[in-house]
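K.L.:
Prediction below, plus the sequence it came from.
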Amino acid sequence: MLNVSGLKEGFVLDHIQAGKSMAIYKYLGLDKLDCQVAIIKNAKSNKMGRKDIIKIECDINVINLDVLGYIDHNITVNIIKDQKIVEKKTLALPKKITNVIFCKNPRCITSIEQELPHVFMLTDEENEVYRCMYCEEKYHKKY
């Protein structure tokens, strides 16, 4: 039996689609943080069959919940304080995301003015379609 100790303070990302935890680890930049991270892959789940879990011992403000909502809005974020879950956050697709996806349109102003942030707006929630704020280039979420 695998035993990963509890967290004193931090958060647990639960209900991650099986096999996606390493991509989320990279996407959130957890490799650049000085905190403890435990990744559990292919854990048994009554709800999902199999799932991944990421436990992170650090301040909740370290991660961008909008990025996490974009990656997978079905992930549950459990906030831990004094080894107890004090809050459960459910995520939603963010209406606006900045510097998470990048415009591939060569005529977009972001191709010329490279210091401009890449800002995308959610235009079709049902199909998870985002459009560049500057040129309206369509981006289908492929995650």
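P.N.:
Right, received. Where do you want to start?
K.L.:
where along this protein do the strands fall?
P.N.:
Applying DSSP state E to the chain gives strands spanning 9-17, 36-45, 49-57, 76-81, 84-90, 96-98, 119-124, 129-132, 138-140.
K.L.:
Contact partners for the residue lying closest to Tyr139 once chain neighbours are set aside?
P.N.:
Of all residues not flanking Tyr139 in the chain, Tyr130 sits nearest, at 4.6 Å (C-beta to C-beta, 6 or more residues apart in numbering). The way it works is simple: take the backbone N, C-alpha and C, and place the C-beta from them, glycine included. Listed by C-beta atoms under 8 Å, 6 or more residues apart in numbering, the contact set of Tyr130 reads 97, 101, 120-123, 138-139, 141.
K.L.:
and Tyr130, how far is that from Thr110?
P.N.:
Tyr130 sits 14 Å away from Thr110, going by C-beta to C-beta, to the nearest Å.
K.L.:
that older thread, lowest-confidence member of the contacts of Tyr130, which is it?
P.N.:
Among these, Lys141 has the lowest pLDDT, at 68.
K.L.:
Could you check the pLDDT of Val4?
P.N.:
55.
K.L.:
before we move on, the earlier item: for the contacts of Tyr130, which ChimeraX command selects only the ones that are buried?
P.N.:
To isolate the buried ones among the contacts of Tyr130 in ChimeraX, judged by 16 or more other C-beta atoms under 10 Å, type:
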select :97,101,120,122,139,141
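K.L.:
Could you export the helix or strand bottoming out on mean pLDDT in the chain as PDB, keeping only the C-alpha atoms?
P.N.:
Sorted by mean pLDDT, DSSP states H and E, the helices and strands of the chain end with helix 65-71, the least confident at a mean of 83. Provided in PDB are the C-alpha atoms of helix 65-71 (Å, rounded to 0.1, in the frame of the first residue of the first chain):
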ATOM      1  CA  LEU A  65      -6.400  28.800 -10.800                       C
ATOM      2  CA  ASP A  66      -7.300  30.300 -14.200                       C
ATOM      3  CA  VAL A  67      -4.500  28.200 -15.900                       C
ATOM      4  CA  LEU A  68      -5.800  25.200 -14.000                       C
ATOM      5  CA  GLY A  69      -9.400  25.900 -15.000                       C
ATOM      6  CA  TYR A  70      -8.200  26.100 -18.600                       C
ATOM      7  CA  ILE A  71      -6.300  22.900 -18.500                       C
END
